[in-house]
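Asker: Could you look at this predicted model? Sequence included:
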Amino acid sequence: MILCLKVQSPVVSFRRPLDHNYQRTLTLPPPTTLIGLAGSALGLSDRELWAKNSLLNDVKVSVWMDQEPGRASDMWTLLKIKDMKMERSPYMRELLFGVFYTIIYNADEQLLTNLYQAFQNPAYPLSLGREDELILVENITIDEASPGEPIFYGTVIAGDVRKMQIYPMLEPGIQFEPPIIAELPLNFSVDNKRLRHPQNYAVLSFLPFQLKMEIPEMQALKYQGRNFVWMNC
């Protein structure tokens, strides 16, 4: 059984962990962002969300994009104090705008029912990434996924796609960027100062929207015509 959210947002950005002055974005939200989104809907604090006995510990997540988003870069100038002097430091951050995502959760039936009700009347404002990047939830459904075919595009799969046997399905005229491979945390711990510490790193592959690829070793699920796998298994 799955909970499916159809969401859209004017602008989002998912900074890659090691980027500093030039902050590139992932093309889709990572697992911790999707777990955090569910926690916001339920009204969980950081400590409750990332506790060892959190009710979201066993939730599986997946996501795909429903259309190619636009891209832009945003330049910030930060004022720093160094040796009692003010200096300016520029930062560039990549943005995605006009995004439409389908987000999938899997858990026991009672928790999915609670999430369904929470997303209809969330405790906190819902955003992906930064707090001011709010989303609009267009549709919420609880349904069943069926076995799928190992053909993916515009989604995230667990593992490094460069080390897998893949069969790209090239078409004349398509333009795409290579998959993004990133090692990302699957959860956090929160210390007494309420600082978050990433844990349980895993390699994930963010697949481009324009290029379909067959990956025979992946056991896919299917919903509404799209194949997917769980990101955090």
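Answerer: Perfect, thanks for sending it.
Asker: Torsion angles phi and psi at L42?
Answerer: Dihedral angles of L42 (phi, psi; degrees, to the nearest 10) stand at phi -80, psi -10.
Asker: what's the burial count for it?
Answerer: Neighbouring residues of L42 were enumerated by other Cβ atoms under 10 Å; the total is 20. In this view, the C-beta of every residue, glycine as well, is placed from N, C-alpha and C.
Asker: do you know how far it is from F119?
Answerer: L42 sits at a distance of 9 Å from F119 (criterion: Cβ to Cβ, to the nearest Å).
Asker: And T25, by the same measure?
Answerer: Distance from T25 to F119, by Cβ to Cβ: 24 Å.
Asker: cool, Q110 as well?
Answerer: 15 Å.
Asker: F228 too?
Answerer: F228 is 19 Å from F119, by Cβ to Cβ.
Asker: again with E144
Answerer: Counting by Cβ to Cβ - E144 and F119 are separated by 18 Å.
Asker: out of these two, which sits in the busier spot?
Answerer: In this view E144 and F119 are compared by other Cβ under 10 Å, and F119 has more residues nearby, 21 against 8.
Asker: what comes up buried for the helix or strand harbouring the more buried one?
Answerer: Using DSSP states H and E, F119 falls within helix 109-120. By neighbour count with 16 or more other Cβ atoms under 10 Å, helix 109-120 contains the buried residues L111, L112, N114, L115, Y116, A118, F119.
Asker: nearest to P29, of those residues?
Answerer: Comparing the buried residues of helix 109-120 against P29 with Cβ to Cβ places F119 closest, at 15.1 Å.
Asker: The closest one: what's it in contact with?
Answerer: Contacts for F119 (Cβ atoms under 8 Å, 6 or more residues apart in numbering) come out as L3, L5, A41, L126, V137, I140.
Asker: for R71, which residues make a bridge with it?
Answerer: Going by DSSP bridges, R71 is paired in beta bridges with L96.
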